[in-house]
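*Asks:* compute the structure for the input listed below.
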Amino acid sequence: MTNHLINTTVTWLKYDGKIIGSDFLEDNKLQIIRKTKIPVKEYKKIYKEVGYKYNWIGRLKIKETELKEIIHSSLVDIYLMKKNNKIIGFLEMDYRTSKEIKIVHLGLIESYIGKGYGKKLLKFAIKRANELKIQPLILQTNSLDHPNALLFYQKNGFQVYSRRNAKVIMDNVYEK
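*Replies:* Numbers count the residues shown, from 1 in each chain. Predicted coordinates:
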């Protein structure tokens, strides 16, 4: 199979508010754990599990040394969401620039989508951004992500500040 370009709409959103409540982890079988110096192989495994359906390929296309430099930075947080000690999702936040904090990746393994775990992970990200005292909290989504992604972020206080059409590579990296 060859790579080809597909059209997508990329949307950037930002959150300037404060966290509402702190009840995001009332489930005692649910944990969000910071993973410092995550091995690249482990990172790629969860990245693939969460993103394969949505054409997440960026982290799979860069050199391993470059990826390691990013994900091992002291200004990049990687969190694993676990339910009953099983990884069900992850969050990557980047604050290498003091002007903003980015949610680079936020996602769940497919069978956990639509059950409230994404909202808990997003609230956690908002709480973390507030702890760091960096605003705004920004993220981007595109029309290849889960069909409810954009609405989900908007319902949880994020506001669109930019949108553009783009072409992205549809790659077969998951078949390699």
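
*Asks:* which non-adjacent residue is nearest residue 38?
*Replies:* Closest residue to residue 38 apart from its sequence neighbours, by Cβ to Cβ, 6 or more residues apart in numbering: residue 78 at 5.2 Å. In this view, the C-beta of every residue, glycine as well, is placed from N, C-alpha and C.

*Asks:* quick check: bridge partners of the one you found?
*Replies:* Residues in a beta bridge with residue 78, per DSSP bridges, are residue 92.

*Asks:* residue contacts, it?
*Replies:* 34, 35, 36, 38, 43, 71, 90, 91, 92 (Cβ atoms under 8 Å, 6 or more residues apart in numbering).

*Asks:* quick one: neighbours of the fifth one, just the number.
*Replies:* Counted with other Cβ atoms under 10 Å, the burial measure for residue 43 works out to 22 neighbours.

*Asks:* same deal with the first one?
*Replies:* For residue 34, the tally of surrounding residues (other Cβ under 10 Å) stands at 11.

*Asks:* what residues are up against the closest residue to it other than its chain neighbours?
*Replies:* Leaving aside its chain neighbours, residue 34 sits nearest to residue 79 (5.5 Å; criterion: Cβ to Cβ, 6+ apart). When contacts are counted by Cβ under 8 Å, 6+ apart, residue 79 touches 32, 33, 34, 35, 90, 91, 92, 93, 121, 124.

*Asks:* and stretch 77-89, how far out from the chain's middle?
*Replies:* Relative to its chain's centre, stretch 77-89 lies at 13 Å (Cα atoms, centre = their mean, to the nearest Å).

*Asks:* ditto for stretch 117-132
*Replies:* Centroid separation for stretch 117-132 versus its chain: 11 Å, with Cα atoms, centre = their mean.

*Asks:* quick check: mean pLDDT across that stretch?
*Replies:* Confidence for stretch 117-132, expressed as mean pLDDT, is 93.

*Asks:* list the buried residues in that stretch.
*Replies:* Within stretch 117-132, the residues scored as buried using 16 or more other Cβ atoms under 10 Å are 117-118, 120-130.

*Asks:* with that, I have no additional questions.
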